[in-house]
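*Asks:* The sequence and its predicted three-dimensional model are supplied below.
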Amino acid sequence: MNKLNNILLSTIEKKLAEKLACIYYDKTFPSVIYGVNDDGTYQIVREGHLYTVPNGLGIPLKVTQSVWVTMPCGTKNLKDMYISAIRGNLKS
């Protein structure tokens with residue numbers, strides 16, 4: 001019976017891994033504002049690369065401010081990244 005359980009669990013595990021590999025999900029990561037552009041977008045760094053992203057908060061942000069950046073559908077849509085939240089306390 002134990003061998004049958006192991007085979008069954010192994011099969012379920014493999015099928016689940018196959019299905020999860022096809023699911024796209026939002027990914028949010030921490031970053032810091034490195035610059036402010038004239039068009040209202042902000043410069044952030046991700047994995048050593050500088051990206052220009054829009055601000056989804058609707059409030060002005062400052063250089064060196066810590067933020068959360070969201071990528072809809074994981075790493076497939078880097079061009080759709082946006083600032084989704086402020087990290088830590090907002091100090092005046």
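*Replies:* Received the coordinates, thanks.

*Asks:* What strands flank whichever strand in the chain runs longest, and is each parallel or antiparallel?
*Replies:* Longest strand in the chain by number of residues (criterion: DSSP state E): strand 27-36. Next to strand 27-36 in the sheet, as set by DSSP bridges, lie strand 42-46 (antiparallel), strand 66-71 (antiparallel).

*Asks:* Now tabulate these in JSON lines and tack on mean neighbour count and distance to Ser31.
*Replies:* Where you see a C-beta, it was placed from the backbone N, CA and C, and this is true even at glycine. Below are the strands paired with strand 27-36 laid out as JSON lines (neighbours: other CB atoms under 10 Å; distance: least, CB to CB, whole Å):
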{"stretch": "strand 42-46", "mean neighbour count": "18", "distance to Ser31": "4"}
{"stretch": "strand 66-71", "mean neighbour count": "18", "distance to Ser31": "5"}
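
*Asks:* Met1: which of those is closest?
*Replies:* Nearest to Met1 among these is strand 66-71; the distance by CB to CB comes to 45.6 Å.

*Asks:* pLDDT averaged over that closest one - what is it?
*Replies:* Strand 66-71 carries an average pLDDT of 95.
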